[in-house]
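Peer 1: need the 3D shape of this:
(one chain, ligands or ions: 1)
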Amino acid sequence: MHFNINSEQETMQKMAREFADKEIAPYAGDLDENEEFPTEILKKLHSVGLHDLAVPEEYGGPGVDSLSYSLIIEQIARGCAGVAVTSSANGNSLALYSLIIGGTEEQKQRFLVPICEEGKLASFSLTEPNAGSDAAAIATTARKDGNHYIINGSKCFITNASYAGYHTVFANVVNGSGVKKPSVFMLESNMPGITVGKKEKKMGLRCSNTAELFFEDVRVPEENLIGKEGDGLRLAMKTLDMARPSVGAISIGLAQAAFDAAVAYSKTREQFGRPICKNQAIQFMLADMATEIEAARLLVYQASWLKDRFYKDGISFTKQAAFAKVFASDVAMKVTTDAVQIFGGYGYSREYPVEKYMRDAKIMQIFEGSNQIQRIVIAGKILE
Ligand SMILES: Cc1cc2nc3c(=O)[nH]c(=O)nc-3n(C[C@H](O)[C@H](O)[C@H](O)COP(=O)(O)OP(=O)(O)OC[C@H]3O[C@@H](n4cnc5c(N)ncnc54)[C@H](O)[C@@H]3O)c2cc1C
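Peer 2: Now for the predicted structure:
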């Protein structure tokens, strides 16, 4: 076992860390307060090659290995988890994986190349009002009409929905006898019949855009079907496996930011005539926080490394991806809550950054398969 990262990975990690310190962290508070989409930061991320990380070089992406991807997104999340999720919901993880793992060469050229060249965003449109954890319950339909599909339905909680140039949409192809085949399609956002609904007002990740999408008789050419009819659920589940180390990496970046702030504060805040870090109660909290972050980091890096083996030889890493997501997001929630505690009343004030970290951490336990669902996945693997 080698725990050192190679020099190329180290360079990318350093570049992302510097980018986060200079271009993200100073603006994170205002973006959160104003619920403002990070357009300028995304442009800069794209221009320095830190966006669309998972897209292979032949389609215009940086094509970094999965561990590098986690190292980079962890640093970006240290600057702002909302920015990390905005970028990562795109080419870093969710929206483009179905295409990357299930698309034809022609589809990859047609969609990935302009997305990477122009820095466009895409959305991963799976969740519906009555289909959250139970993704198989989606009600959006795709009816075959000649060489087109006609899509009808609605999606909710879709990251980047208002800003995406493309939507990866999951819908059931229904045949004459009513049999449903979950399938996935690439839609261009200017196709007639697509409308963006209300933007969610959220507890955290407030610079990230989350909105509804409606599809009314949207005519989609059959060339935009990814894989075959009926491949949708398999591609959705594979995509979520691929995305989980990234949620883990964002969680540890967030936890690290909260931890660093708590350590610094504990050394300067004096009560009873000495810094609060001189109290063993605070020291033990800091020791536990550091230990938990390190354990989460090892699980995330291991899952990221296994993700590359999946790319190479198809070895499943479903259980390790779930380990990484569930553990790192639970650690992020605990560490950010403890950081607020160490800041005392000032931690509860919006003048300090730690309350934002705590608000941002909560969603990590909910989306991309809630932590209850992760435990179901892990238990299923243990018992199979
Ligand atoms: C900020 C944000 C961004 C999002 N981005 C996207 C996106 O880009 N694309 C997308 O498709 N979706 C997105 N989502 C949706 C997200 O993935 C869902 O919210 C999540 O999967 C949970 O679904 P739900 O909210 O319907 O909760 P439900 O499925 O209704 O679950 C409610 C609670 O019940 C628990 N539960 C459900 N079933 C079980 C069970 N069998 N056993 C035990 N507990 C169970 C859940 O864990 C949860 O605690 C986003 C959501 C948010 C809030």
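
Peer 1: burial count for the closest residue to the ligand within the stretch 1-150 of the chain?
Peer 2: Nearest residue of the stretch 1-150 of the chain to the ligand, counting by Cβ to the nearest ligand atom: G132, 1.7 Å away. Backbone N, C-alpha and C define where each C-beta goes, glycine included. The local packing of G132 (other Cβ atoms under 10 Å) involves 17 other residues.

Peer 1: show me the contacts for it.
Peer 2: Counting by Cβ atoms under 8 Å, 6 or more residues apart in numbering, G132 makes contact with nothing.

Peer 1: quick check: phi and psi at it.
Peer 2: Torsion angles at G132 (phi, psi; degrees, to the nearest 10) stand at phi -100, psi -90.

Peer 1: how near is it to F214?
Peer 2: 18 Å (Cβ to Cβ, to the nearest Å).

Peer 1: check S88 too.
Peer 2: 25 Å.

Peer 1: neighbour-wise, which of the two wins?
Peer 2: Neighbours per residue (other Cβ under 10 Å) separate S88 from F214, with S88 holding more: 29 against 16.

Peer 1: which residue does the stretch 201-350 of the chain have closest to the ligand?
Peer 2: Proximity of the stretch 201-350 of the chain to the ligand (Cβ to the nearest ligand atom) peaks at T210, 4.5 Å away.

Peer 1: for that residue, what are phi and psi?
Peer 2: Per-residue torsions, T210: phi -130, psi 120 (degrees, to the nearest 10).

Peer 1: so what's it up against?
Peer 2: F157, I158, T159, A161, K199, E200, K202.

Peer 1: my guess is K43 meets L121, correct?
Peer 2: No - using Cβ atoms under 8 Å, K43 is not in contact with L121, being 11.3 Å away.

Peer 1: break this protein into its domains for me.
Peer 2: Split into domains by automatic domain parsing, the chain comes to 7-118, 122-231, 233-383.

Peer 1: returning to that earlier point: and K43 and L121? which has more neighbours close in?
Peer 2: Legend: neighbour count by other Cβ under 10 Å for K43 and L121, higher for L121 (27 against 12).

Peer 1: I'd like the domains of the chain as TSV, with mean pLDDT and distance to M1 appended.
Peer 2: Formatted as TSV, these follow (pLDDT from 0 to 100; distance: least, Cβ to Cβ, whole Å):
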stretch	mean pLDDT	distance to M1
domain 7-118	94	14
domain 122-231	96	34
domain 233-383	96	10
